[in-house]
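> Structure of the sequence below:
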Amino acid sequence: MDAIQQHMIDSYRAAQHGELPPPLPGRHDWAVARDIRDRRRFAAVMAGLPARRRWRTALRELVTHDHGHRSTPPDGPTPPDSSTPPGGSGRSGV
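Modelled structure (predicted):
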């Protein structure tokens, strides 16, 4: 049984008892997500950690394991590619 079918049964039962029908499925999803976020931020503050953090920054730290430090400056020169010989396309005799 999916959420819509369950909602239909609950609405029927509420009508039989003269009560208000339940809210539609998914009606309060965003409010629940905000409550979870607020609770995590509060727990972080209580633990002495920064309350906000961007998801991309956290994901980059998890994937690269360098904790946000770059080995080269962002605007620094790009080293030449050593796999292609100078002045050639990498193909010989074609």
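> rest of the way, CA atoms for contacts and neighbours
Fine.
> how about stretch 30-45: buried residues?
residue 41 (16 or more other CA atoms under 10 Å).
> Now do it, average pLDDT.
Regarding stretch 30-45, the rounded mean pLDDT is 89.
> And the contacts of it?
If you take CA atoms under 8 Å, 6 or more residues apart in numbering as the criterion, stretch 30-45 is touched by 50-52.
> pLDDT weak spots in this protein?
Applying pLDDT under 70 to the chain flags residues 53-56, 65-94.
> pull the longest helix from it.
helix 29-46 (DSSP state H).
> So which of the contacts of stretch 30-45 wins on neighbours?
Within those, most neighbours by other CA atoms under 10 Å means residue 51, with 14 neighbours.
> and the following helix or strand past the longest helix of the chain, what does it pack onto?
Along the chain past helix 29-46, the next helix or strand (assigned with DSSP states H and E) turns out to be helix 55-64. The criterion is 3 or more CA pairs under 8 Å, 6 or more residues apart in numbering; DSSP states H and E, and there are no helices or strands that helix 55-64 contacts.
> Please identify the buried residues of helix 55-64?
For helix 55-64, a neighbour-count test (16+ other CA under 10 Å) marks nothing as buried.
> same thing with stretch 1-9?
Buried residues in stretch 1-9 (16+ other CA under 10 Å): residue 7.
> got a list of contacts for it?
Outside stretch 1-9, the residues that touch it by CA under 8 Å, 6+ apart are 22, 24-25.
> Could you single out the nearest of these to residue 16?
residue 22 (13.1 Å; CA to CA).
> Tell me how far the residue nearest to that closest one when sequence neighbours are not counted lies from residue 59.
Nearest non-adjacent residue to residue 22, counting by CA to CA, 6 or more residues apart in numbering: residue 11, 6.4 Å away. Distance of residue 11 to residue 59, computed by CA to CA, to the nearest Å: 42 Å.
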